[in-house]
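**Student:** Need a 3D model of the following:
(one chain, ligands or ions: 1)
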Amino acid sequence: MDDAAPRRNTTVEGALRDAERRYAAANPKSLARHQAAAAHLPGGNTRTNMYFSPFPLTIARGEGARLYDLDGHEYVDFLGEYTAGIFGHSHPRIRTAVIEALDAGINLGGPNRWEGELGRLMCERFPSLDKVRFCNSGTEANLYAISAARAATGRTHILVFDGAYHGGVLSFVKPDLPLTAPFPFVRAQYNDLEGTEALIRRHRGELAAVLIEPMIGSGGGISADREFLAMLREETRRHGIVLIFDEVMTSRLSPGGLQAKLGIIPDMTSFGKYLGGGLTFGAFGGRDAVMRRFDPSAPDSFVHSGTYNNNALTMAAGVAALGVIYTPAAADELNARGDRLRERTNAVFRRHGVAMQMLGQGSLNVIHVHRRPVRRPSDAVNDPNRQALFHLEMIERGIYLSRRGLSALCLPINDADVDRFVEAVDDYCAVYQPLLRDHD
Ligand SMILES: Cc1ncc(COP(=O)(O)O)c(C=O)c1O
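**Tutor:** Coordinates of the predicted model:
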């Protein structure tokens with residue numbers, strides 16, 4: 001890319017303007033595609049997260065742990081499609097499974113040979129699952145989980161946490177989001193043990209469920225304290241409230257999800273992302289006490305229909321994904337690699353004395369552009385200019401991650417790729433150290 005611009009800026013804003021100029025000059029085809037799409041898609045976009053200023057890269061193709069944009073640049077894919085792309089691009093076992101399903105005819109209008117097998121694989125892996133049902137996204141999985149909890153308990157309210165994200169229509173990242181589904185929500189603060197306990201007790205007669213992501217993933221890699229989750233487990237059990245873990249992202253963090261790693265087992269769990277082998281996927285499940293109501297032969301059964309709930313491509317890819325590729329050993333290895341990446345990245349930040357930090361667990365991590373402690377999403381407010389500068393500079397160094405610093409490792413990332421990531425961070429810190437030190 002054009003590296004002629006001197007990096008002698010005295011402000012982050014000046015450095016960002018230069019970085020944006022170099023980025024726009026290096027990516028004319030992505031810009032043209034973005035502008036053409038804007039004629040028919042609002043903002044040229046159909047997935048809000050994909051947008052970043054000045055315009056997103058158009059990704060032309062991927063291979064293993066590599067991405068290639070429309071202008072021909074190559075990147076190491078450290079985003080891993082926001083955790084859905086754990087297998088890397090075009091994994092041969094997933095390819096084979098999808099082609100086999102495709103050859104068998106994909107719109108079969110009946111149960112197929114893969115769905116029961118994927119159900120077995122999931123129930124054997126995730127301790128909270130006696131039974132599971134499939135749907136098409138993590139958002140849908142959470143909608144079903146909370147709706148089932150309401151129907152099963154006969155209560156109305158759902159306790160959620162400020163700053164949490166459970167899907168496009170289940171977002172609590174701001175106080176009032178107009179598209180958030182109109183359930184009666186009670187909002188608590190993440191990791192606030194006493195405050196949340198008090199809220200649960202106050203609302204115990206009307207609370208159907210507590211919905212929590214046991215580590216806030218894309219919102220900052222913020223781990224819940226074990227004692228906090230243990231309190232939720234105890235209080236929900238005591239008051240007959242359904243405890244739902246949203247493991248759409250975190251289920252990758254051990255062979256049995258974060259619930260197994262923590263040894264805290266919820267009543268229900270929602271899933272999505274990588275478990276469909278990289279294809280459209282969602283699932284929810286839990287104890288028989290609730291899940292048996294989904295048995296269509298029972299007189300009092302809940303209706304859970306969905307044309308693509310058992311879509312053959314996803315079911316076949318999911319069986320390959322969980323049964324053959326993301327084995328318990330593979331999960332342990334990937335998470336150990338992620339732990340090393342985080343330790344090395346934080347060591348670089350410390351050595352340069354810059355106000356940055358990487359938070360997370362295992363293969364799921366987020367870079368923050370400040371050094372304040374982060375216990376809940378409100379602590380994780382980042383200066384958007386600093387985020388943008390880091391992001392564009394990493395892209396310029398051939399590293400692809402999200403604007404908000406999310407990195408989700410995929411299986412084909414190797415030690416040399418991790419070295420490259422750490423070197424890129426090191427170089428960024430060396431170039432911008434004067435701008436990055438004097439920040440809180
Ligand atoms: C924790 C969490 N829950 C739910 C979702 C929604 O999943 P989907 O995008 O498949 O609807 C996401 C998506 O990023 C997520 O991170």
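**Student:** Mind jotting down where the helices sit in the stretch 301-440 of the chain?
**Tutor:** 312-320, 328-352, 384-396, 415-437 (DSSP state H, counting those that start in this stretch).
**Student:** and if you look at the stretch 151-300 of the chain?
**Tutor:** Taking DSSP H, counting those that start in this stretch as the criterion, the stretch 151-300 of the chain contains helices spanning 193-202, 226-238, 257-262, 288-291.
**Student:** any idea which of those helices scores lowest on pLDDT?
**Tutor:** Within the helices of the stretch 151-300 of the chain, the stretch with the lowest mean pLDDT is helix 288-291, showing a mean of 94.
**Student:** Just give the number of residues close to the single nearest residue of the stretch 301-440 of the chain relative to the ligand.
**Tutor:** Scanning the stretch 301-440 of the chain for the residue nearest the ligand gives residue 406, at 9.5 Å (criterion: Cβ to the nearest ligand atom). In short, each C-beta sits where N, CA and C put it, glycine included. The tally of other residues near residue 406 (other Cβ atoms under 10 Å) stands at 24.
**Student:** bridging residues for it?
**Tutor:** Listed by DSSP bridges, the beta-bridge partners for residue 406 are residue 366.
**Student:** For it, give me its contacts.
**Tutor:** 79, 82, 217, 218, 221, 364, 365, 366 (Cβ atoms under 8 Å, 6 or more residues apart in numbering).
**Student:** So which of the helices of the stretch 151-300 of the chain is nearest the ligand?
**Tutor:** Checked against Cβ to the nearest ligand atom, the stretch from these lying closest is helix 257-262, at 11.1 Å.
**Student:** Which helix or strand in the chain has the lowest average pLDDT?
**Tutor:** The helix or strand with the lowest mean pLDDT-type score in the chain, counting by mean pLDDT, DSSP states H and E, is helix 288-291 (a mean of 94).
**Student:** what sits against residue 294?
**Tutor:** When the contact criterion is Cβ under 8 Å, 6+ apart, the partners of residue 294 are 131, 133, 148, 301, 302, 304.
**Student:** my guess is the last one meets residue 144, correct?
**Tutor:** Yes. In terms of Cβ atoms under 8 Å, residue 304 counts as a neighbour of residue 144; the distance is 6.5 Å.
**Student:** the more surrounded of the two?
**Tutor:** For residue 304 versus residue 144, the count of surrounding residues by other Cβ under 10 Å is larger for residue 144: 22 against 16.
**Student:** Regarding the more buried one, what is its secondary structure?
**Tutor:** Applying DSSP: H, G, I helix; E, B strand; the rest coil to residue 144 yields a three-state assignment of helix.
**Student:** so how far is the ligand from it?
**Tutor:** Using Cβ to the nearest ligand atom, to the nearest Å, residue 144 is found at 12 Å from the ligand.
**Student:** So for that residue, what's the pLDDT?
**Tutor:** Turning to residue 144, the model gives it a pLDDT of 98.
**Student:** thinking it is in contact with residue 132, fair?
**Tutor:** No. Checked against Cβ under 8 Å, the pair residue 144 and residue 132 is beyond contact range at 11.1 Å.
**Student:** Residue 434: neighbour count?
**Tutor:** For residue 434, the count of nearby residues is 11 (other Cβ under 10 Å).
**Student:** One more: the one 4 residues further on?
**Tutor:** Neighbours of residue 438 under the rule other Cβ under 10 Å: 9.
**Student:** now it, nearest residue through space, not along the chain?
**Tutor:** Ranked by Cβ to Cβ, 6 or more residues apart in numbering and with sequence neighbours excluded, the top spatial neighbour of residue 438 is residue 355, at 7.8 Å.
**Student:** How about residue 391?
**Tutor:** residue 403 (4.9 Å).
**Student:** Now do the contacts for the one you found.
**Tutor:** Applying Cβ under 8 Å, 6+ apart, the residues contacting residue 403 are 52, 387, 388, 391.
**Student:** if we go to 10 Å?
**Tutor:** When contacts are counted by Cβ atoms under 10 Å, 6 or more residues apart in numbering, residue 403 is found next to 49-53, 56, 384, 387-388, 390-392, 395.
**Student:** Quick check: neighbours shared by residue 304 and residue 144?
**Tutor:** Taking Cβ under 10 Å, 6+ apart as the contact criterion, the common neighbours of residue 304 and residue 144 are 133, 135, 284, 294.
**Student:** how about CSV for those, with pLDDT and distance to the ligand added?
**Tutor:** Output for those, formatted as CSV (pLDDT from 0 to 100; distance: Cβ to the nearest ligand atom, whole Å):
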residue, pLDDT, distance to the ligand
133, 98, 15
135, 98, 9
284, 98, 11
294, 97, 20
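**Student:** what's the farthest-apart pair in those residues?
**Tutor:** Spanning the widest gap among the shared contacts of residue 304 and residue 144 are 135 and 294, at 11.3 Å by Cβ to Cβ.
**Student:** shared neighbours of these two, which are they?
**Tutor:** 144, 284, 304.
**Student:** Turn those into CSV, columns for distance to residue 246.
**Tutor:** Compiled in CSV, the shared contacts of residue 135 and residue 294 are given as follows (distance: Cβ to Cβ, whole Å):
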residue, distance to residue 246
144, 12
284, 10
304, 18
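**Student:** which of the contacts of residue 406 has the most neighbours?
**Tutor:** In terms of neighbour count, residue 217 stands highest of those at 29 neighbours, by other Cβ under 10 Å.
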